[in-house]
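**Student:** next input, structure requested:
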Amino acid sequence: MITLFNRAISYLLIVGVLSASLALMNLVLQFSWLALLIFILTILMVFLIFQQESKIQNYDGDSIENKPIEDTDALESKVQERTLELKIALQELEDANKELQEKNTLDELTGLYNRRFYDQKIQAEFRRSRRNLTPLSLVVIDIDYFKKVNDNYGHLAGDECLVAVSACIKRCLRRSADISCRYGGEEFCLILPETDQKGALTLAEELRESIDACRISYNNMAITLTISCGISTYLQQKGVKAEHLFAVADQALYKAKNNGRNQIVQQDFEKISDN
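**Tutor:** As a prediction, the model looks like this:
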């Protein structure tokens, strides 16, 4: 745009100079035929200049019109390439996030959810139970005399026992909504949404019998295990909070242990303060 403007100014100056020269010569020489000749030459020169300029502009116009098409094709190709690279990167990032999330929520030894996941899930299920007015049961499980297993057979044998108990837990939980967690050491928790006291007791008894019948082979030795369980069930009792579910189930568990182990005890919520 600036170049065309500069050229127009140049042409106007040329025409002005030639017109002034024509007027001066006509005044001094008083030769009309000479003035007419100069005027004709001036018009012819300006015509030739504009014709040449028109050719240049047409050439530039064709180049400008063609160039964006080529540039657009190249740009679209690069955009598609970058988009594909971005999709691949996002997929890799999503896979990495899933893997990281699994590492953060799963217990490496047993494959059950870990304590961190339990703390998050019990809160979520408690709120859902309170909102929907549905029962929520919690089963706390402890392997009986587990310390003796480690002392008599070694910690590797103890790990095998934890894996075996976890496998029994997985087999007994048939609903996708039920959640099994390794709470810590030899202690496990089962979060059972929409499950009343009877349903929780039935499931815990099935698990107890399954583990009691299990024979764990380690270095040509057969190891037998039993478990004790404590159960609490939330039925929208007044003043009950999510953490009370574990506290009451844990009290029931210790009653089962004190009563001789290898058994299940259910405990109701007593009067609990809102504080």
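
**Student:** state the helix or strand in which Arg116 lies.
**Tutor:** Assigning secondary structure by DSSP states H and E places Arg116 in helix 115-132.

**Student:** paired strands for whatever helix or strand comes next after that helix, with orientation please.
**Tutor:** Downstream of helix 115-132, the first helix or strand assigned by DSSP H and E is strand 136-143. In its sheet, strand 136-143 lies beside strand 187-193 (antiparallel), strand 227-234 (antiparallel), with partners assigned from DSSP bridges.

**Student:** list the buried ones in strand 136-143?
**Tutor:** For strand 136-143, burial by neighbour count (16 or more other Cβ atoms under 10 Å) applies to Leu136, Ser137, Leu138, Val139, Val140, Ile141, Asp142, Ile143. To be clear about C-beta, it is placed using only N, CA and C from the backbone, and glycine gets the same treatment.

**Student:** got it, and stretch 156-168?
**Tutor:** Ala157, Gly158, Glu160, Cys161, Leu162, Ala164, Val165, Ser166, Cys168.

**Student:** run through who's touching it.
**Tutor:** 109-112, 141, 143, 146, 149-150, 180, 182, 186, 188, 207, 210-211, 214, 216, 218-219, 221, 223, 225, 227 (Cβ atoms under 8 Å, 6 or more residues apart in numbering).

**Student:** starting at the chain centroid, how far to it?
**Tutor:** Between the centre of stretch 156-168 and the centre of its chain there are 32 Å (Cα atoms, centre = their mean, to the nearest Å).

**Student:** quick check: mean pLDDT of that stretch?
**Tutor:** Averaging pLDDT along stretch 156-168 gives 97.

**Student:** confirm for me that Cys181 is in contact with Leu173.
**Tutor:** No. Using Cβ atoms under 8 Å as the test, Cys181 is too far from Leu173 to be in contact (11.2 Å).

**Student:** list residues touching both of the two?
**Tutor:** Leu190.

**Student:** who's more crowded, the two?
**Tutor:** Of the pair Cys181 and Leu173, Cys181 is the one with more neighbours under other Cβ atoms under 10 Å, namely 25 against 17.

**Student:** count of residues packed around Pro193?
**Tutor:** Counted with other Cβ under 10 Å, Pro193 comes out at 19.

**Student:** my guess is it contacts Asp178. True?
**Tutor:** Yes. With contacts counted by Cβ under 8 Å, Pro193 reaches Asp178, the gap being 7.4 Å.

**Student:** re earlier: got the contact list for the helix holding Arg116?
**Tutor:** If you take Cβ under 8 Å, 6+ apart as the criterion, helix 115-132 is touched by 104-106, 113, 134-136, 138, 179, 181-184, 189, 191, 193-194, 234, 236, 241-242, 245-246.

**Student:** please, a PyMOL command that selects the buried ones among those?
**Tutor:** To isolate the buried ones among these in PyMOL, judged by 16+ other Cβ under 10 Å, type:
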select buried, resi 105+106+113+134+135+136+138+179+181+182+183+189+191+193+194+234+242+245+246
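
**Student:** related to what we said a few turns ago, let me have the buried residues of strand 136-143 in JSON lines, adding distance to Asp95 and pLDDT as columns.
**Tutor:** Compiled in JSON lines, those are given as follows (distance: Cβ to Cβ, whole Å; pLDDT from 0 to 100):
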{"residue": "Leu136", "distance to Asp95": "33", "pLDDT": "98"}
{"residue": "Ser137", "distance to Asp95": "35", "pLDDT": "98"}
{"residue": "Leu138", "distance to Asp95": "33", "pLDDT": "98"}
{"residue": "Val139", "distance to Asp95": "34", "pLDDT": "98"}
{"residue": "Val140", "distance to Asp95": "35", "pLDDT": "98"}
{"residue": "Ile141", "distance to Asp95": "33", "pLDDT": "98"}
{"residue": "Asp142", "distance to Asp95": "37", "pLDDT": "98"}
{"residue": "Ile143", "distance to Asp95": "35", "pLDDT": "98"}
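
**Student:** for the stretch 151-275 of the chain, which segments count as strands?
**Tutor:** For the stretch 151-275 of the chain, the strands defined by DSSP state E, counting those that start in this stretch occupy 179-184, 187-193, 215-218, 221-224, 227-234, 264-266.
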